[in-house]
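In: have a look at this fold, sequence not included:
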């Protein structure tokens, strides 16, 4: 079948790929309709690895997808051919200890799309467990469906934060994940959400599309303290660390209320110095997330009900036969672009 | 000073009332500007008691108020004369076991405005602890400030429910408390909020003012199951029982997800039969609230940030010198009225 | 193979039973060594049904078992032939929504041993998912292993209660489940645990075997209030309702602290009147359990470390060939017996 | 009155100290009977300061005390002259925001005994809020009462950890706080508790007095991994970091289960490098404590019921007139001593 293949570091082909998958009784066969390009796809393309995950064989890219069900296994009750769906890209061992405890994302045997040696979804069709495939309501588009994967991280971060009505939140880092986290926090009961970065173009994007909901803080010219004060907010209950930058941890508790929560989302390259005593004197709690778990129906529900307006995040769309161009563009992404989407046309 | 006095059951006067209060070091003196009429005020007026709380002496009415600080005690740092404020009407023993544990609302020694023998706030001025007095931002009006008290119940219910992003909620009972609870749930991360009742006028009010956010279910012509289904919602994670009606408890878990939560807000007149086994087979949790605690700043923050649009709840306004008329009207309140407000003009 | 078969209501045979099970890759084949008789086994024997679960075909009894692994499927890593084990008797759909959320006990498709039409474990061998089979440490006997199932309910109830160090707890009902719940609560950080009933023999059992850890309250001659007072305990944070009796719910909150927790364990035959207002004025929380989930390793750990001394619960032991006699005895169980155990001798 | 006075850095006197305190309506006057010497007392003695808290005026030492009520204010209901009691040494502003939220330990205005410029309790008598004074049951000795303060930290850490029945815990650091934390964890539902350090004498103390309950790990000759394995424990759900050592944070998550909890108790001198990604891939949660709050009655309950055997912690006792000698000894404390206690004889 046709597929977008990362042959090796730096080399992508659009070509026929020999892959046959049998449909199990609990599976569905799906053709992808829209697929977002993720930073990790680009990273494999440019570097050939992410940490210990090394591209040793040609690998199909893509893990942020929506599509249409082609075929359903005999046990599948909730899905049928023709259904519009989106999919979780990580498939756990369904009988593992972690899965039984409701944290299948932490199962060490998870098979995650487009993470070597697991094949991704940018191909004509693939087989997937029905339990990780979610129907899209009529008013949720394929583009929105393909956004569910990156949104899932933000919504899971917001869920983990256990936001109480009227909390105020600060997001550190205005990359894609920072922005979707801010959107999720805003939709989850926060009175005010702030997002801080030094990247002007990202902040401009936030101001333009979400200025009525989220307050951008340009750290190159403003301080968190002053911006909060101007907004009538003394301190925030929650900080979402979405930058992965060591610098973000300096004085991170200064603007926080006692018994506030930090959610660790960004992944720093090396251990980060944390002021334990500063954490203790406010009894701050640090929570962390790894991808997401049991969150897709929640994301879909928030989009369908209009609580999260996510289409502005799709800033550029390519056809499948333009995929190489799309990846080139994504590899040197201008600051004002957020999500590059591929319409497969299958 | 001038005050609205419940002389005895069925008899209210607008008259001079002899009351002198000294200002303690942690207190503020306040003149009320707007005061809402609560069902309990009306109940004392009509019945002369609520349960064991009996009006034996003339009692000043009113406990939902906003106002202006006239004078501040020597220890008070956060408030000064001229500040626009609203107040919690229940004053606990600040050194009680319950207060130290953060549940001052459950302190048995709470002194609650306009609950015999404690005087209410419909008078020229009163003294109040600064710790229970909250500054209103410039963009929050006195009417909104006076609404904070009834809203506090809804927001506290939503906070207790520990809503996760994308939960769906059903509110049983579309009285004032049911409506404010639905508004709070909607602003707290629910994907969909439904409110069910048989009172057509209440449901019409919801449809007119909050139809884009809350789905009204007219139980005289629709079922909960069908309405959820039409909205693409299989089951709800949270039920807010705000009717206090025994009937509401019949089959209450039917539409709920496993491990869902019921929040008990309405106060039935007698013990209510609950199907314990139905609760168990879904591992439903029942939480309950008594008034509210540590919630005012959250409510004010939600109003100030535009997350809760509450002004439509004020359906009629009277001047202080029309107070008798206001109470007469409130005592036979048409179904389309929600909150009657008195502008004191002090 | 030899099996203990409930042919129909009131008739048990020890006979050859034709049953063949293939071993899947994630399964183990086990021979049972010790099997406890549960009240539900007896109920099926005497009544032929439990609610809508009706014995229509001959059914092998037994679901509280320990045993030895005979054979392990190809994917099984943690178990090997010869391992001493105990098993969860309920097998969910591993790919269901509930399982993925960590609440496989609430999966509507659970297949539970000795619940029609599912066969039980009182037979020469059976096949079971390795993920629901747990190795017993050397210092945990087969009898203790077979007790894990009923203990699981008590430990799960204690876990759900979220006991904090120094809480005091009251267990209502001193049946087997009440006693194991009291043992679990005692081992989970409670300062004091009380157990109340009117059945003198059960209370005598508690006093004899656990008198140093649990305080028995004979409701036919003592009040809860007085007993607590004598123990220097004003109120309890937690009530475990393990009687299933409507009477237990009368005034159930009277002895509780504000924000206390009731755990609903007993299953009343009909809806029970609950005083909602009494619940609310203390902001009591009601939690409920259905069987147990993710709890076996915890129970085994508590037995292995000596934190729960459970062998006294086994009050009588029969050989497999005495099974009919064992069931006769269990069907008219004297009050001083707790758990009847069958040593299979396989 | 007679008092033990830290005149300045390095100089302690036993002398008459001029101090008069009036008894407020909510206060009690107490004479101390037993007072433990804390590391902080010794630190002020040797260094003249702890961080920014500098001894500028003569300061009475002591904050771990039990005593007898001499006099009770007019509002005090639960205490009367002659009552045996222990006291929380930190007095908050009872009307502060933090106190009303149940976290009075985080009130920035807390007045803490023997923290400059607040006077300590090693004197003939002192006045204290009744709400922070707790009656000792008859079976709790004055020495145990004086131990409640250091125990409170361990019990609060265990409470914060939200231990579930059957969790396994590892305590890093076997100083006094590490040991009391291990004792609290052991009494709070853990199946197994391990405590690791390199200080042989501390570990020997643990083995001698608590060897049946707590497993000591000598990091100079054993690894955590091996010791856990020998005990049949794969991983621990909870790590209590009680060493304050940067080294303890290296690989701290290696032995932890997914979604495990680290409680930060030790206070490192400088920011500590933390491997955020290692935390994330297991979704570890880091909680922190500052002193304790609402914990004294729980500690007293655990001692009174025999769940925590704490008297072995008192390894040496001095009379009040030997106080100088006691402090000299405490200042160069041998590793086998845990708590030095002063019997005042007042």
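Out: Cool, the structure landed. Just so we're clear, the structure is a prediction, and the values are computed from it rather than from any experiment.
In: who's in contact with the nearest residue to residue A:2 once chain neighbours are set aside?
Out: In this structure, residue A:2 finds its nearest non-sequential neighbour in residue A:124, 5.4 Å apart by C-beta to C-beta, 6 or more residues apart in numbering or on different chains. In short, each C-beta sits where N, CA and C put it, glycine included. Going by C-beta atoms under 8 Å, 6 or more residues apart in numbering or on different chains, residue A:124 touches A:1, A:2, A:3, A:31, A:346.
In: return the members of those classed as buried.
Out: The neighbour-count test (16 or more other C-beta atoms under 10 Å in any protein chain shown) marks A:3, A:31 as buried among these.
In: which of the contacts of residue A:124 fall within strands?
Out: Counted as lying in strands by DSSP state E, out of the contacts of residue A:124, are A:2, A:3, A:31.
In: before we move on, the earlier item: next up, phi/psi of the residue nearest to residue A:2, please.
Out: As for residue A:124, its main-chain torsions (degrees, to the nearest 10) stand at phi -60, psi -40.
In: pLDDT score for it?
Out: We have a pLDDT of 97 for residue A:124.
In: and for residue A:334?
Out: At residue A:334, pLDDT is 87.
In: how much space separates it from chain D?
Out: According to C-beta to the nearest C-beta, to the nearest Å, residue A:334 stands 28 Å off from chain D.
In: isn't there a strand covering that residue?
Out: No: going by DSSP: H, G, I helix; E, B strand; the rest coil, the assignment for residue A:334 is coil, not a strand.
In: how many neighbours does it have?
Out: 9 (other C-beta atoms under 10 Å in any protein chain shown).
In: mind listing what residue A:239 touches?
Out: Applying C-beta under 8 Å, 6+ apart, the residues contacting residue A:239 are A:169, A:170, A:171, A:172, A:252, A:255, A:256, A:260, A:261, A:262, A:263.
In: ok, and the closest non-adjacent residue to the residue of the stretch 51-200 of chain A at minimum distance from chain D?
Out: The minimum distance from the stretch 51-200 of chain A to chain D, using C-beta to the nearest C-beta, falls at residue A:106 (4.1 Å). In space, and not counting its chain neighbours, residue A:106 is closest to residue D:258: 4.1 Å by C-beta to C-beta, 6+ apart.
In: show the pLDDT at residue A:261.
Out: We note a pLDDT of 98 for residue A:261 in this prediction.
In: that one in helix, strand or coil?
Out: strand.
In: okay, and the beta partners of it?
Out: With DSSP bridges as the criterion, residue A:261 is bridged to residue A:238, residue A:285.
In: make sure it is actually in contact with residue A:161.
Out: Yes: contact criterion C-beta atoms under 8 Å: residue A:261 and residue A:161 qualify, at 5.6 Å.
In: who has more neighbours, these two?
Out: Counted by other C-beta under 10 Å, residue A:261 and residue A:161 do not tie: residue A:161 has more neighbours, with 27 against 22.
In: endpoints of stretch A:75-90, how far apart?
Out: 21 Å (C-alpha to C-alpha, to the nearest Å).
In: run a quick neighbour tally on whichever residue of the stretch 101-250 of chain A sits closest to chain B.
Out: For the stretch 101-250 of chain A, the residue closest to chain B is residue A:166, as judged by C-beta to the nearest C-beta, at 2.7 Å. Look at residue A:166: counted by other C-beta under 10 Å, it has 29 neighbours.
In: so it versus chain C, what's the distance?
Out: On the measure of C-beta to the nearest C-beta, residue A:166 and chain C end up 19 Å apart.
In: ok, and the closest non-adjacent residue to that residue?
Out: residue B:298 (2.7 Å).
In: check residue A:302 too.
Out: In space, residue A:302 is closest to residue A:308, 4.4 Å off (C-beta to C-beta, 6+ apart).
In: spell out which parts of chain A neighbour chain D.
Out: A:98, A:101, A:103, A:105-106, A:244, A:258-259, A:264, A:266-268, A:270-277, A:279-290 (C-beta under 8 Å from any C-beta of the partner chain).
In: the residue nearest to residue A:106 touches residue D:285, doesn't it?
Out: No: assessed by C-beta under 8 Å, residue D:258 is found out of contact with residue D:285, at 10.9 Å.
In: what does chain A have sitting close to chain B?
Out: So far as C-beta under 8 Å from any C-beta goes, chain A lies against chain B at A:137, A:155, A:158-159, A:162-168, A:184, A:187-189, A:191-192, A:232-233, A:295, A:297-299, A:301-302, A:304-305, A:307.
In: filter these to the buried ones?
Out: By neighbour count, with 16+ other C-beta under 10 Å, the residues of chain A next to chain B hold A:155, A:158-159, A:162-168, A:184, A:187-189, A:191-192, A:232-233, A:295, A:298-299, A:301-302, A:304-305, A:307 as buried.
In: and the helix or strand hosting residue A:33, what does it pack onto?
Out: Per DSSP states H and E: residue A:33 is located in strand A:27-36. Counting contacts by 3 or more C-beta pairs under 8 Å, 6 or more residues apart in numbering or on different chains; DSSP states H and E, strand A:27-36 packs against strand A:64-72, strand A:84-87, strand A:126-129, helix A:142-161, strand A:339-343.
In: excluding sequence neighbours, find me the nearest residue to the residue of the stretch 151-300 of chain A found nearest chain C.
Out: Nearest residue of the stretch 151-300 of chain A to chain C, counting by C-beta to the nearest C-beta: residue A:294, 5.2 Å away. Residue nearest to residue A:294 in three dimensions, not counting chain neighbours: residue C:101, with 5.2 Å by C-beta to C-beta, 6+ apart.
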